[in-house]
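Asks: Structure, please.
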Amino acid sequence: KEDIVVKLKEHTKLERERACAQCVSLVATDYENKAPTVFVDGLVGLLGDEKWEGRHGAMITISECCSKGVFTQEQAMMFVPDVTSCLLHTEFRVRMGAAFCLGALCKAFGVVVYEGVVADTVTQCITENMTRKFTDEELSELRKKLNVSEDASADAVLYESAGWKTLDTGFKALLEIIRGCGVRFRPFMSGELLDIVFEGLKHINRFVRETGYYACAEIVEIITEGADGAISYDDFAPRMANQLAIGLSDNWSQVRMASSVATRRFLNAMTDDRKKQFLALLVPRMCLNRYYVAAGVRIYSQDSWQMLSKGKGPELVEQYVSETVDFYISQSQADNHAVREAACACIAELGAKISQDALRPHVQRLLACLLDCFEDDSWPVRDAACIASGRFLGCYKEESSEYLDKFLDRFFHHLSDNIWSVRENAAIAIGRVCENFEERVLPKVVEVLDERILAARDQKEDSQQFSGLENTTQFGVAKPTGIVRFSQTDPTPDVHTDQQMYSCGSLAPKLKKRGGGCMNCAYSRDQQPWEKSDGCVYLLTALSEKYPETVAKYLPSLAQLSTIRQFKHHYNMLENIWKQLPVIMTRVKKKEVKAVLEELIPSLAYSLRGDHQLSRVAAESCTHALASLIGRNILKGRVDMYTPEHLSIFEAVIGES
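Replies: Reported below is the predicted structural model:
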């Protein structure tokens, strides 16, 4: 039995956890869930062990035993001094183990654990490390480890995510203690302690901020309206609301998640009348986070929004529309590209769901904001701005008239963007604008179609995707280095090998926002001829519902475009043609479709027998749509008339009989 306690100091975490489970099982079976003195003494001895693994093993065992109720209060208090000293240990895992252990002890035995030395030590861990202090020797050692120049400044060496000694684990210990004590902690929740927590919420280190907001999530359930305590709720609630508003706008998704949890609990703990005092501040932030890129934040915020709005979200936003518009515009200027993207998506939602009379006074400010977002380096931001601006120009004719030409220039530019979704959404936006400004826009659209629809004829064999982009970010939509090339002679270019890889969780949530003036934007690059033609395919679809006669005139050009195959990416272009053609065919006259079958059928056959899977599947869907439109036998007859050698291919898709 003594050997089991010894195993708690094993080097591997798995072995320590196995020994912990054996200890708990032994106490439960052999000692009727009452810890014997020898077991308690063994754990106390391990808490002072020279090896950090022994201390860690002892603390995880104490935590587990507390949850089973095997210790008396007298036995538990024997652990407190040594566990508390572990908060100052040099090993991070020991400090974290101490934080969880103190939380478990507080949950089992209450605030008696926290009083005295624990309170002083936790406060010391936080306050003494709120600012980072390094000697010249320590800085020099860090420069060597990070392989940076000896002349590099402290800020360059000590990036914001680096360790802050016991600060993070001190906050973690405070969080676990408050969580364990619950409402029993209320007498100890002083103004001084609250100031310490709020100071942590402003800290440069995101892990400290995250833990601080989770602590706030516990505090808002302790300091409640009508409850006795050292802090007045009338003073506490506005201060907490302001801190939560900052957290809901943080650049890091983990901090937003923690503050979202705290915000939900904060609002749930108060009456409806009290909530109204803070809705103008919190509603815009909660609303935006429903579109945040991080799935956890987005889904949690959507649930919180449903709880708050009770199915009347648009009406709630209308009550605070001025504050909401101000916040969305400010977030469109954030350093984090994901925040800017969410802001544009929310602006688009305003145009779709909020009554025009309520939003009309703010339309011009929103359009100016979206115009600025078109200069963003991040294509998802430009894409979202395209959707939003198309919606506004399609609904608010008088307010948007002066911006029309500026937006048209950007729509037409993005119609040839090297991201397919940007091309598609630019086309949709143009279609919406056409309906509202037909006389001013439609002639320009026809001019663009005439100029670009067959631009793929000028495409060189060595076509490019994502051309001219450079690697400027360590977060999110990282841009590939150099040019991604595809050709028959260069199927695997060197640009794909030995390049830096990036992840969404890397160190800096920043993507360059924009370059200089209005037209001096850093995102501009040479567009490929085939991308211009591909954008026109999307544009024909967007126009086909309202202007079928105009679109029908371009069906011969569309059929001709399907025969252009001298470049590698013609498969991508054909895939799009076969996806858009079924929509177009249902909106134009049937005779217009039959007139181009002679040229379309060989191109369909080319894709149906090709190796490019996406293009082939799209061609199969298009063939089924064509057979439904003109009749299966008529289609087979046309195939037999124009290219009888391809009849078997079409029969395999639509059937023989």
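Asks: Now the nearest residue to Leu415 once chain neighbours are set aside: which helix or strand?
Replies: Take Leu415 and drop its neighbours on the chain: the residue closest to it by CB to CB, 6 or more residues apart in numbering is Gly535, 3.8 Å away. C-beta coordinates here come from the backbone N, C-alpha and C atoms, glycine included. Gly535 is part of helix 529-544 when elements are defined by DSSP states H and E.
Asks: list the buried ones in the helix or strand hosting Ala104?
Replies: Take DSSP H and E as the rule and Ala104 turns out to sit in helix 92-109. Within helix 92-109, the residues that count as buried by 16 or more other CB atoms under 10 Å are 94-109.
Asks: what's the answer for stretch 68-83, then?
Replies: Applying a neighbour-count criterion of 16+ other CB under 10 Å, the buried positions in stretch 68-83 are 70-71, 75-76, 78-80, 82-83.
Asks: By mean pLDDT, which helix or strand of the protein comes out lowest?
Replies: Lowest by mean pLDDT, DSSP states H and E among the helices and strands of the chain is strand 484-485, with a mean of 42.
Asks: Burial check on the closest residue to Arg632 other than its chain neighbours, number of neighbours?
Replies: With CB to CB, 6+ apart as the criterion, Arg632 has its nearest non-adjacent residue at 5.3 Å, and that residue is Ile654. A count of nearby residues for Ile654, using other CB atoms under 10 Å, gives 18.
Asks: Spit out the contact partners of Ile654.
Replies: By CB atoms under 8 Å, 6 or more residues apart in numbering, the contact list for Ile654 reads 623-624, 627, 632, 635-636.
Asks: residue closest to the middle of this structure?
Replies: Val293 (2.0 Å; CA atoms, centre = their mean).
Asks: Does it belong to a helix, a strand or coil?
Replies: Following DSSP: H, G, I helix; E, B strand; the rest coil, we place Val293 in the coil state.
Asks: right, and Thr61 touches Leu8 too?
Replies: Yes: here Thr61 reaches Leu8: they are 6.0 Å apart, a contact under CB atoms under 8 Å.
Asks: Pull up the overlap in contacts between these two.
Replies: Jointly contacting Thr61 and Leu8 under the rule CB under 8 Å, 6+ apart are 19-20, 23.
Asks: Any stretches of this structure with poor pLDDT?
Replies: Applying pLDDT under 70 to the chain flags residues 1-2, 133, 154-163, 463-525, 656-657.
Asks: The same query, at a cut-off of 80, please.
Replies: 1-3, 132-136, 138-139, 142-163, 229, 462-526, 656-657 (pLDDT under 80).
Asks: Where do the strands of it begin and end?
Replies: Counting by DSSP state E, one finds strands in the chain at the ranges 464-465, 484-485.
Asks: hmm, back to that, what is the nearest of the shared contacts of Thr61 and Leu8 to Ala152?
Replies: Nearest to Ala152 among the shared contacts of Thr61 and Leu8 is Cys20, at 43.8 Å by CB to CB.
Asks: which one is that closest one nearest to, not counting chain neighbours?
Replies: Thr61 (4.5 Å).
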